[in-house]
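Novice: let me see the structure of the following:
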Amino acid sequence: MSRYILAIDHGTTSTRAILFDHSGAKVSSGQLETTQILPRPGWVEQDPREIWQNTQKVIALAIDGSQATIGEIAAVGITNQRETTMLWDRKTGEPVYNTLVWQDTRTQDIIDAVAGADGPSRFLITTGLPLSTYFSASKIVWLLDNVEGVRARAEAGELYFGTPDTWLLWNLTGGLDGGIHVTDVTNASRTLLMNLETLAWDDDLLVAFNIPRSLLPEIRSSSEVYGTCVGTLQGVPVAGILGDQQAATFGQVAFDEGQAKNTYGTGNFLIFNTGTDIVHSKNGLITTVAYKVGKEPARYALEGSIAVTGSLIQWLRDNLGIISSASEAEQLARTVEDNGGAYFVPAFSGLFAPYWRPDARGAIVGLTRFVTRAHIARAALESTAFQTRDVLDAINADTGIPLTELRVDGGMTANELLMQVQADILGVPVVRPQITETTALGAAFAAGLAVNFWHSRNQIRKIWLEDRRWTPEIDDDERARRMRIWKKAVSKSFDWVDADSVEG
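Specialist: Got it, this is the predicted structure:
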């Protein structure tokens with residue numbers, strides 16, 4: 001009897017496996033951190049072998065922590081950090097190099113060369129994406145051209161490319177012994193290589209980046225049976241794949257046009273569902289695939305991607321040592337009434353939406369002798385709220401549909417000071433659901449729909465329940481004043497990277 005769905009949630013900093021029951025409740029879980037490898041400024045890597053080893057371990061932890069048997073698991077869903085890029089040998093299964101993480105900025109020269117005179121918008125209509133180091137294509141090119149022998153091996157058809165979903169699916173379904181080389185439309189839409197209209201790899205893009213087609217996985221929908229597991233999960237179908245932000249949108253049951261969610265994780269990602277219409281942003285947002293269920297038409301979205309939010313709190317802990325744990329950031333920030341005039345722009349990898357300024361770098365401005373570490377902690381939390389407001393303003397401008405509330409999820413939503421500041425800065429209510437594991441839950445929903453564990457999206461909608469709502473506590477004038485100073489602070493981070501300050 002099928003009682004559970006297993007979701008594998010491979011994020012930027014950790015890998016989790018969670019068992020969900022029919023009510024969407026978390027039954028058990030396992031989690032392990034992913035080692036971050038930082039060889040040079042702007043370089044962010046991980047070990048693909050560790051990712052797969054940790055995945056196997058957390059699956060075992062989740063199963064051992066429950067009374068579940070393998071026969072009771074109806075399906076597996078996968079959700080993953082997007083854009084993160086790896087190449088491996090299809091005959092040996094060995095990665096050719098470390099994974100290049102989405103935050104990695106080493107490929108700016110490649111992006112500049114491909115952009116040419118047309119600039120970052122060269123392929124915007126085809127892909128919905130600006131040319132940026134953020135996406136997978138330039139990372140593939142770097143591996144092809146900077147790891148000895150890799151381009152020749154790729155052109156000989158010896159290698160596979162994948163984002164983490166593809167790597168995990170290939171290994172789960174047998175690896176060298178019949179592993180499935182597949183990705184879904186949401187992850188493919190983040191590579192700079194897929195045509196948004198055809199949902200297929202685009203020949204012109206492959207030529208522009210000089211990437212062999214033989215590297216690329218087959219593109220499938222987000223909810224269908226791709227293959228069956230071997231090993232620990234022998235015989236269990238893998239039936240759902242969604243990039244992490246699209247999975248969170250699915251987990252927030254934002255299935256319909258005009259619905260939106262914001263995920264607070266390593267970075268922040270606000271997704272606004274535009275239905276079956278492809279809406280091209282004029283205000284610095286990304287156009288992406290929201291999801292595709294089986295043979296249904298794809299649903300699209302506008303997305304605002306913010307590179308550094310939760311990872312800023314980690315930076316306060318690990319690099320500055322002004323807090324000893326993430327939860328301490330809220331405690332410290334509550335000891336002061338405001339930011340003391342300090343504003344923190346965390347442009348550690350440049351600024352993403354809506355600015356798209358790779359030349360920007362992190363800045364703390366407005367410092368006086370009055371400012372303490374508590375003010376810095378508060379300014380760090382507030383930067384997440386300000387960056388989200390920047391994105392929401394762009395969405396409102398593109399769609400003409402002002403949001404009336406924002407559904408939120410992710411680890412930082414446990415920070416209730418941040419949630420109140422967010423409502424204050426947005427001027428609309430912020431709503432947290434009872435089930436906050438929305439990224440993993442979205443992958444579970446996609447897999448469950450494919451095997452009739454849940455029979456419809458209407459059935460899934462009834463699972464979503466509100467936990468807490470924060471409403472604005474400041475007036476419009478004060479909100480406008482804070483945003484004006486924030487905009488000024490952002491401008492101070494621009495034009496930092498130039499010929500005199502080239503990194504790495």
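
Novice: so what's L242 up against?
Specialist: Applying CB atoms under 8 Å, 6 or more residues apart in numbering, we find L242 in contact with G77, I78, T79, D184, T186, N187, S222, F250, Y291, G442, A443, A446. Glycine gets a C-beta too; all of them are placed from N, C-alpha and C.

Novice: C-terminal to the helix or strand it falls within, what's the next element?
Specialist: In this assignment (DSSP states H and E), L242 forms part of strand 237-243. Note on strand 237-243: by DSSP H and E, the next helix or strand toward the C-terminus is helix 244-251.

Novice: circling back to that earlier point, now, the contacts of L242 that are in strands?
Specialist: Applying DSSP state E to those, the entries found in strands are G77, I78, T79, D184, Y291.

Novice: and the residues you listed, which two are furthest apart?
Specialist: I78 and Y291 (13.7 Å; CB to CB).

Novice: how far does the strand holding L242 sit from its chain's centre?
Specialist: Between the centre of strand 237-243 and the centre of its chain there are 16 Å (CA atoms, centre = their mean, to the nearest Å).

Novice: the more surrounded of I78 and Y291?
Specialist: Ranked by neighbour count (other CB atoms under 10 Å), I78 and Y291 place I78 first, with 31 against 28.

Novice: what bridges to that one?
Specialist: I8, I241 (DSSP bridges).

Novice: looks like it contacts D165 (just checking).
Specialist: Yes - taking contacts as CB atoms under 8 Å, I78 lies within contact range of D165: 5.0 Å.

Novice: what segments of the stretch 51-200 of the chain are helices?
Specialist: With DSSP state H, counting those that start in this stretch as the criterion, the stretch 51-200 of the chain has helices at 108-115, 124-127, 136-146, 150-155, 164-172, 185-188.

Novice: if you compare these, which one is most tucked away?
Specialist: helix 185-188 (a mean of 29; mean count of other CB atoms under 10 Å).

Novice: helices or strands up against it?
Specialist: strand 218-220, strand 237-243, strand 286-291 (3 or more CB pairs under 8 Å, 6 or more residues apart in numbering; DSSP states H and E).

Novice: using CSV, please lay out those together with distance to T384 and mean pLDDT.
Specialist: Converted to CSV, the helices and strands packed on helix 185-188 look like this (distance: least, CB to CB, whole Å; pLDDT from 0 to 100):
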stretch, distance to T384, mean pLDDT
strand 218-220, 33, 98
strand 237-243, 21, 98
strand 286-291, 19, 94
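
Novice: which of these sits closest to H10?
Specialist: strand 237-243 (10.7 Å).

Novice: please save the CA atoms from the closest one in PDB.
Specialist: This file holds the C-alpha atoms of strand 237-243, laid out as PDB (Å, rounded to 0.1, in the frame of the first residue of the first chain):
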ATOM      1  CA  PRO A 237       9.600   5.300  -9.600                       C
ATOM      2  CA  VAL A 238      11.200   8.700  -9.900                       C
ATOM      3  CA  ALA A 239       8.200  10.800 -11.000                       C
ATOM      4  CA  GLY A 240       8.800  14.500 -10.300                       C
ATOM      5  CA  ILE A 241      11.600  17.000 -10.900                       C
ATOM      6  CA  LEU A 242      11.500  20.700 -10.300                       C
ATOM      7  CA  GLY A 243      14.200  23.300  -9.800                       C
END
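
Novice: didn't V147 look like it was pressed against Y97?
Specialist: Yes - in this structure, V147 is within contact of Y97 by CB under 8 Å, at 4.9 Å.

Novice: neighbour count for these two, which is higher?
Specialist: Shown here are V147 and Y97; by other CB under 10 Å, Y97 has more neighbours (17 against 14).

Novice: perfect, I'm done here.
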